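Peer 1: Predicted model follows, preceded by the sequence.
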Amino acid sequence: MKIAIVGGGPAGLYFSALTKALDPGHEITIYERNAADDTFGFGVVFSDETLGGIEHADPAVYAAMAAQFARWEDIDIHYRDTVLTSGGQGFAAMSRKELLRILQERCAQLGVQLHFCTEAPPVEQLRATHDLVLAADGVNSAIRRQHADEFGPSLDVRHNKYMWLGTDKVFEAFEFIIAHTPYGVMQIHGYPFSDSGSTFIVEMHESVWEKAGFGDCADRDFMPGESDEKSIALVRSLFADVLDGHEILANNSRWISFTTVRNQHWVHDNLVLIGDAAHTAHFSIGSGTKLAMEDALALAACIHEHDDLPAALAAYEAERRPVVESIQRAAQASLEWFESIADYTEQDPEQFAFNLLTRSRRITYDNLRLRDAEFVDHVDGWYVTRQDSEVTRPPMFYPYRVRGLELVNRIMLAPMDMYSAVDGVPGDFHLVHLGGKALGGAGLVMTEMVCVSESGRITPGCTGLYTAEQERSWATITDFVHSRSQAKIGVQLGHSGRKGSSKLMWEGIDDPLDEGNWQVVAPSALPYGPGSQTPRELTEADLEVIVEEFVAATHAAERAGFDLLELHCAHGYLLSSFLSPLANTRTDAYGGSLEKRMVFPLRVFDAVRAVWPADRPMSVRISATDWADGGTTVDDAVVIARAFAEHGVDLVHVSSGQVVKHEKPAFGRSYQTPFADRIRNEVGRTHDVGVIAVGAISSHDDVNSVLLAGRADLVAIGRAHLYDPQWTLHAAAEQGYTGPGAVWPLPYAAGNRKPPTGRTDGPPPRLELVRSRGTERRRRWLPA
């Protein structure tokens with residue numbers, strides 16, 4: 001093929017070298033507008049996984065790179081006059097300038113045509129004269145902008161400011177330096193890339209940046225290649241103690257707001273986006289160069305493996321997109337953590353360090369223990385001092401107290417609608433469902449949404465608490481939980497609102513009933529989605545009736561023996577729809593501003609709290625975001641949580657979405673945990689309110705990570721409990737924990753160890769005369 005590449009960075013160079021090596025018959029030309037020895041930035045970092053791919057794909061390139069590597073395993077976290085170190089991480093870094101030199105030389109050896117200081121011909125001309133054109137022109141890609149309709153780019157400009165700098169101080173490890181300055185919190189991301197220099201990235205929230213006067217320094221246009229010397233002088237002054245007499249090095253260094261680049265498509269006919277032109281991921285979880293070179297490797301391989309170019313390009317995007325999106329989700333969590341770093345500066349050093357290391361959710365409690373058991377033992381030792389316990393145990397198995405309620409552990413069965421009631425009466429299914437999870441070790445089991453009236457049901461199969469028969473049936477279930485397990489049981493009260501009169505989930509989720517339907521109500525006459533029933537707008541008289549229904553259901557819940565009551569203000573049901581501007585367009589006292597939209601949910605809460613026993617806690621479940629333009633955001637959720645806290649709520653259960661049919665949630669592992677984290681740190685600490693995290697949390701490892709990092713106080717496990725009703729007890733067995741946080745029911749006690757599976761070879765024989773002392777998990781970069 002005849003291939004043109006616009007951009008002579010690592011992506012374009014490495015792709016060219018690999019493709020030319022696989023088939024010397026390809027004619028490949030690279031156009032780079034800068035000189036060969038121009039480069040911006042200092043060091044680049046690679047993971048062991050990426051290096052393994054590079055070594056396999058082109059040993060010559062790998063060997064040249066390996067000769068330049070600075071290697072180390074430690075991360076140092078400087079915080080509040082302490083330094084905590086975690087080892088076993090595994091880093092390799094090198095000078096970006098050296099990397100480009102190696103790749104340029106390899107391309108020249110293989111016969112790739114390199115044109116430096118040369119603007120590429122118009123892209124349409126290249127497409128007409130070449131079989132394949134690569135847009136490797138970076139984060140500000142002109143080609144992507146020119147073909148925006150085809151690629152569908154999304155550019156998310158973030159709230160932190162950062163500057164790439166270098167220093168002649170050679171760090172021994174990856175350094176996170178958290179500085180409390182008169183202007184606010186600033187942080188340094190530093191790491192060595194050679195025996196003579198280190199990367200030195202300074203980052204801070206834009207509000208801190210303005211207070212420090214950097215905005216005044218940067219308030220002018222800079223010439224190409226020019227650095228912001230006034231800002232650099234101020235950075236040098238602020239971090240003089242870190243530099244310890246060493247110099248700051250500049251290279252086109254000026255303030256940047258990180259932009260997350262996403263594209264709906266990476267391929268348009270014979271035009272392909274690669275590297276930063278296609279996607280970016282925040283520098284706090286790794287190098288964009290790493291992603292670019294992985295792209296190059298995958299694209300070269302796909303072209304080699306397919307005889308048909310369209311098939312090769314489709315395979316490239318299909319292979320790389322899931323990998324990149326996973327990294328971008330982790331990067332999003334990381335960058336948001338650093339944007340909110342000031343929220344964590346009240347944490348003790350041990351918790352702060354663990355929180356920082358696990359911020360992206362790619363590193364977890366168990367994973368960190370594998371890397372550095374000594375570090376995790378140290379953090380566990382700190383955590384036990386914060387609990388009412390003298391014995392260290394996995395974080396999930398410490399007790400939790402709220403008002404007069406004590407839970408034996410931090411695990412909660414998430415409320416999940418079962419759609420299996422008859423006339424609102426829970427039956428044998430509900431006894432087995434909730435009783436089984438209580439026997440399975442969860443500290444708190446929650447009912448599904450229990451509806452406060454017949455017309456407030458979601459479906460004909462939903463449970464209620466508005467008749468004596470329903471109350472008696474619930475009492476049977478609570479009696480079983482209390483008499484046969486250590487668990488407590490909570491009831492979630494709610495009203496379906498505009499999402500009522502719907503089919504059972506497995507018949508068509510949120511679809512209206514074909515027959516037997518009833519009139520649904522809402523704050524405004526807006527249907528939930530296309531095809532949904534249009535609700536009747538509630539009057540003041542209607543609102544008073546609904547308040548009375550909630551109060552009556554609360555009395556019934558007390559008589560039925562529930563230990564905790566949760567008010568369902570999430571997922572687009574009645575109280576949730578009052579909170580969302582997408583469902584509530586009223587112009588009276590119950591609509592308009594967020595404060596007015598909160599009036600009715602808070603009125604219901606106050607009425608329920610007034611009659612619910614004072615020694616029994618109340619929680620509220622909220623949707624932290626509507627996942628839709630114009631809807632509630634996490635900023636709104638903080639205000640909503642604070643308002644409920646001020647009205648006396650004990651726990652905030654943080655979910656998201658399901659408010660409008662056209663939502664676009666960003667699903668992923670533990671994807672709602674950052675919302676819980678923010679509410680706990682902005683509201684929970686100041687108002688003594690607990691926070692429950694929920695949403696795609698399925699492993700005990702993730703649970704322990706959430707709790708130890710201070711992101712939540714309890715963790716609700718949903719679908720994993722459907723898969724394994726004994727989820728909590730099995731988690732204890734897998735972690736080797738026995739104790740008061742996970743007590744097996746006596747009839748089940750014989751099964752408290754994981755059974756063997758298949759044949760094993762048994763214990764290995766002793767073949768060492770002197771046993772090894774174990775692998776040293778700490779390693780620094782100490783060049784000669």
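Peer 2: On my side now, so go ahead. Predicted model, so just to flag it, every value in this text is computed and none were measured. Numbering: from 1, shown residues only.
Peer 1: can we go C-alpha only for contacts and neighbour counts from here?
Peer 2: Noted.
Peer 1: Select the longest strand from this structure.
Peer 2: Taking DSSP state E as the assignment, the strand of the chain that covers the most residues is strand 153-167.
Peer 1: If we go by neighbour counts, what in stretch 496-516 is buried?
Peer 2: By neighbour count, and taking 16 or more other Cα atoms under 10 Å as the criterion, the buried residues in stretch 496-516 are 496-504, 510-513.
Peer 1: Which other helices and strands does the longest helix along the chain contact?
Peer 2: Selection of the longest helix in the chain by residue count, based on DSSP state H, yields helix 309-339. Helix 309-339 makes packing contacts with strand 267-268, helix 288-305 when contacts are defined by 3 or more Cα pairs under 8 Å, 6 or more residues apart in numbering; DSSP states H and E.
Peer 1: mind checking how far that helix is from the chain centre?
Peer 2: The offset between the C-alpha centroid of helix 309-339 and the centroid of the whole chain comes to 14 Å, using Cα atoms, centre = their mean, to the nearest Å.
Peer 1: after it comes which helix or strand?
Peer 2: Scanning forward in sequence from helix 309-339 by DSSP states H and E, the next helix or strand is helix 349-357.
Peer 1: Okay, angle between that following helix and helix 309-339 too, please.
Peer 2: 160 degrees (axes from the mean of the first three to the mean of the last three Cα atoms, to 10 degrees).
Peer 1: give the contact list for residue 640.
Peer 2: With contacts defined as Cα atoms under 8 Å, 6 or more residues apart in numbering, the neighbours of residue 640 are residue 598.
Peer 1: That one: helix or strand, and which one exactly?
Peer 2: In this structure, residue 640 is located in helix 634-646 according to DSSP H and E.
Peer 1: residues in contact with residue 692?
Peer 2: 651-654, 676, 712-716.
Peer 1: is it true that it lies in a helix?
Peer 2: No. The assignment for residue 692 is strand, going by DSSP: H, G, I helix; E, B strand; the rest coil, so no helix is present there.
Peer 1: For it, give the beta-bridge partners.
Peer 2: Following DSSP bridges, residue 692 is listed with bridge partners residue 653, residue 714.
Peer 1: I'd like the distance between it and residue 455.
Peer 2: Taking Cα to Cα, to the nearest Å as the measure, residue 692 and residue 455 are separated by 29 Å.
Peer 1: Please list all residues in contact with the closest residue to residue 679 other than its chain neighbours.
Peer 2: What sits nearest to residue 679 in space, not counting adjacent residues and going by Cα to Cα, 6 or more residues apart in numbering, is residue 638, at 5.7 Å. By Cα under 8 Å, 6+ apart, residue 638 lies in contact with 678-679, 682-683.
Peer 1: how about 10 Å then?
Peer 2: Contacts were defined as Cα atoms under 10 Å, 6 or more residues apart in numbering; by that measure residue 638 touches 624, 675-676, 678-684.
Peer 1: Among those, name the buried ones.
Peer 2: Judged by neighbour count, with buriedness set by 16+ other Cα under 10 Å, the buried members of the contacts of residue 638 are 624, 675-676, 678-684.
Peer 1: What lies in contact with the host helix or strand of residue 600?
Peer 2: Assigned by DSSP H and E, residue 600 belongs to helix 599-611. Around helix 599-611, the neighbours that count as contacts under Cα under 10 Å, 6+ apart are 523, 543-544, 546-555, 558, 565-569, 574-579, 589-591, 612, 616-620, 640, 643-644, 647-649.
Peer 1: Go through it and flag the buried ones.
Peer 2: Taking 16+ other Cα under 10 Å as the criterion, helix 599-611 shows 599-602, 604-609 as buried.
Peer 1: could you redo these as CSV and give each row pLDDT and distance to residue 724?
Peer 2: Conversion of the buried residues of helix 599-611 to CSV gives the following (pLDDT from 0 to 100; distance: Cα to Cα, whole Å):
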residue, pLDDT, distance to residue 724
599, 98, 40
600, 98, 38
601, 98, 35
602, 98, 36
604, 98, 35
605, 98, 34
606, 98, 37
607, 98, 37
608, 98, 34
609, 98, 34
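Peer 1: Look up how far residue 751 lies from the nearest residue to residue 738 once chain neighbours are set aside.
Peer 2: Leaving out its chain neighbours, the residue that sits closest to residue 738 by Cα to Cα, 6+ apart is residue 732, at 6.8 Å. Here the criterion is Cα to Cα. By it, residue 732 lies 12 Å from residue 751.
Peer 1: Between the two, tell me which one has more neighbours.
Peer 2: Set side by side, residue 732 and residue 751 give different neighbour counts by other Cα atoms under 10 Å, the larger being at residue 732 (23 against 14).
Peer 1: Report the contact partners of that one.
Peer 2: 393-394, 396-397, 441, 700, 738-739, 741-743, 752-753.
Peer 1: returning to what we had before: give the partner strands of the longest strand of the chain in its sheet and their orientations.
Peer 2: If you go by DSSP bridges, strand 153-167 pairs up with strand 198-205 (antiparallel), strand 248-249 (antiparallel), strand 256-263 (antiparallel).
Peer 1: Looking at those strands, which is nearest to residue 83?
Peer 2: When the strands paired with strand 153-167 are ranked by distance to residue 83, counting by Cα to Cα, first place goes to strand 198-205 at 17.9 Å.
Peer 1: any idea how far that closest one is from the chain center?
Peer 2: 23 Å.
Peer 1: quick one, helices of the stretch 101-250 of the chain?
Peer 2: When assigned using DSSP state H, counting those that start in this stretch, the helices of the stretch 101-250 of the chain occupy the ranges 123-129, 142-146, 148-151, 206-211, 214-217, 229-238, 240-243.
Peer 1: least reliable of those going by mean pLDDT?
Peer 2: The minimum mean pLDDT among the helices of the stretch 101-250 of the chain belongs to helix 214-217 (a mean of 93).
Peer 1: Any chance you could list what contacts that one?
Peer 2: When contacts are taken as Cα under 10 Å, 6+ apart, the neighbours of helix 214-217 outside the stretch itself are 161, 206-210, 228-232, 234-235, 254-255.
Peer 1: Tell me the buried residues in that helix?
Peer 2: Along helix 214-217, the positions that meet the burial threshold by neighbour count (16+ other Cα under 10 Å) are 214-215, 217.
Peer 1: Check stretch 477-493 too.
Peer 2: Buried positions in stretch 477-493, judged by neighbour count with 16+ other Cα under 10 Å: 477-478, 480-482, 485-493.
Peer 1: Just to be sure, residue 377 is in a helix?
Peer 2: Yes. Counting by three-state DSSP, residue 377 falls inside a helix.
Peer 1: Wait, residue 23 touches residue 112, no?
Peer 2: No. Using Cα atoms under 10 Å, residue 23 makes no contact with residue 112, being 11.7 Å away.
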